[in-house]
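In: give the three-dimensional model of this entry:
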Amino acid sequence: MQSLPEESENPSDNETNPGAFVLLNYDDDNNNSKRDMDETSASGDKDIIPVSISYFPKMTEGEISLEIVSGSDKIKLWETQNKGSLLEKTKWNLTAKS
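Out: As a prediction, this is how the structure comes out:
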């Protein structure tokens with residue numbers, strides 16, 4: 001992850017340890033008296049961040065999957081930054097064209 005403090009001689013240690021973290025979206029950016037985390041649409045919510053999955057070595061066939069191993073009841077993954085639809089796909093076939 002970018003912007004993590006480098007705490008060791010090997011800066012790449014912070015890429016997987018401690019891992020990624022996202023703060024609770026508890027504020028109300030659009031001032032409608034609802035916490036942003038409880039809304040299903042958003043426009044300009046500065047707390048919604050993109051997630052990018054990279055894998056090495058670069059593969060052209062096979063399958064990759066996304067798994068939340070703990071706290072899955074505390075995270076929502078949206079299709080777009082404006083929310084709308086929750087991400088339902090958790091497996092991607094690398095040989096199929098998207």
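In: what about the residue nearest to the spatial centre of the chain, distance to residue 79?
Out: The centroid of the chain falls nearest to residue 51 when counting by Cα atoms, centre = their mean (3.7 Å). Residue 51 is 11 Å from residue 79, where distance means Cβ to Cβ, to the nearest Å. All C-beta atoms are positioned from the backbone trio N, CA, C, and that covers glycine.
In: what number of residues lie near the nearest residue to residue 32 once chain neighbours are set aside?
Out: Among residues not flanking residue 32 along the chain, residue 39 sits closest, at 8.0 Å (Cβ to Cβ, 6 or more residues apart in numbering). A count of nearby residues for residue 39, using other Cβ atoms under 10 Å, gives 15.
In: pretty sure residue 39 is touching residue 82, no?
Out: No - between residue 39 and residue 82 there is no contact under Cβ atoms under 8 Å: 10.5 Å.
In: for residue 41, give me its contacts.
Out: Residue 41 sits next to 82, 83, 84 when contact means Cβ atoms under 8 Å, 6 or more residues apart in numbering.
In: and if we set it to 10 Å?
Out: Applying Cβ atoms under 10 Å, 6 or more residues apart in numbering to residue 41 gives the contacts 30, 78, 82, 83, 84.
In: what about the helices in the protein?
Out: Counting by DSSP state H, the chain forms no helices at all.
In: for ChimeraX, what selects the buried ones among the contacts of residue 41?
Out: Here is the ChimeraX selection string for the buried members of the contacts of residue 41, based on 16 or more other Cβ atoms under 10 Å:
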select :78,83
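In: out of the contacts of residue 41, who's nearest residue 55?
Out: Of all those, the one with the least separation from residue 55 (Cβ to Cβ) is residue 78, at 21.7 Å.
In: for the closest one, name its beta-bridge partners.
Out: residue 86 (DSSP bridges).
In: returning to what we had before: give the residues shared as contacts by residue 39 and residue 82.
Out: Common neighbours of residue 39 and residue 82 (criterion: Cβ under 10 Å, 6+ apart): residue 45.
In: quick one: pLDDT of residue 35?
Out: pLDDT recorded at residue 35 is 92.
In: now for residue 42, how many residues are close by?
Out: 19.
In: ok, it to residue 49 distance?
Out: Distance of residue 42 to residue 49, computed by Cβ to Cβ: 12 Å.
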